[in-house]
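Enquirer: Sequence plus the predicted model coming up.
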Amino acid sequence: MTKIDPATSALVLVDLQERIVTLPTTPYSGEEVVANSLRLRNAFRKAGAPVVIVQVSRPDNPPGSELVFDAQDDKIVTKYTIGGFAGTDLDDFLRGAGVRTVVFGGIATEFGVESTLRAAADHGYETVAVSDAMTALSEISHENAITKIFPRLGTVVTTDEALAGLARSTRSPGCTSSTAGS
């Protein structure tokens with residue numbers, strides 16, 4: 001059973017920008033990932049947990065670099081490399097918010113999401129990968145990350161499981177610690 005304590009957890013969504021969401025992805029479409037990511041974002045916001053939107057910036061700002069949803073109430077982190085930690089204030093923000101567990105979604109599993117999740121583990125955070133709130137450019141890349149890499153760095157759950165874990169934590173009186181998996 002996975003519990004996600006909103007007092008010590010944050011949701012991090014990676015690269016949900018128009019030009020990235022419209023790429024041919026598998027096993028989920030960009031639209032499916034966005035729908036699951038928004039379900040997670042709404043639940044995290046309702047629970048009072050931080051939501052971080054990581055977006056990539058390129059020197060030429062190609063068309064379609066805009067986020068696919070309004071993120072004005074979320075923390076925006078702009079990255080210039082594959083991962084969301086290098087050269088950004090992501091770690092400072094998470095530590096300042098008392099975050100110990102980071103829940104991940106985004107596109108692409110094998111690039112921005114994996115790089116950011118690995119760095120989170122390197123920074124000492126517990127990680128939760130939401131398997132159907134991310135997708136890849138190749139099926140084998142997604143499958144490898146979800147079944148081989150992410151389980152060694154933390155917990156892998158579905159959107160429904162993450163939402164249930166967050167709901168369990170918000171209903172549990174006296175819940176003071178985040179448990180990535182029990």
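Expert: Structure received. Residues are numbered from 1 along each chain as shown.

Enquirer: tell me which helix or strand of this structure sits lowest on mean pLDDT?
Expert: Using mean pLDDT, DSSP states H and E, helix 159-171 stands out as the lowest-scoring helix or strand of the chain, at a mean of 87.

Enquirer: So what touches it?
Expert: For helix 159-171, the surrounding residues in contact (C-beta atoms under 8 Å, 6 or more residues apart in numbering) are 1-6, 9, 36, 39-40, 43-44, 47, 49, 103, 128, 130, 132-133, 157, 175, 178. Where C-beta positions appear, they are placed from N, C-alpha and C, glycine not excepted.

Enquirer: Of those, just the buried ones, ChimeraX syntax please.
Expert: Per 16 or more other C-beta atoms under 10 Å, the buried members of the contacts of helix 159-171 correspond to this ChimeraX selection:
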select :2,3,4,5,6,9,36,39,40,43,44,47,49,103,128,130,132,133,157,175,178
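
Enquirer: Can you tell me which of the contacts of helix 159-171 end up in helices?
Expert: Using DSSP state H, the members of the contacts of helix 159-171 that fall in helices are 36, 39-40, 43-44, 47.

Enquirer: Widest-spaced pair of these?
Expert: Asn36 and Ala47 (16.6 Å; C-beta to C-beta).

Enquirer: ok so, going back, among the contacts of helix 159-171, which are in strands?
Expert: Assigned to strands by DSSP state E, the following of the contacts of helix 159-171 qualify: 9, 103, 128, 130, 132-133, 157.

Enquirer: Out of those residues, which comes closest to Arg118?
Expert: Val128 (13.9 Å).

Enquirer: So, low pLDDT: which residues of the protein?
Expert: 1, 170-182 (pLDDT under 70).

Enquirer: you'd agree Thr8 is up against Val99?
Expert: Yes. Using C-beta atoms under 8 Å, Thr8 is in contact with Val99, at 6.1 Å.
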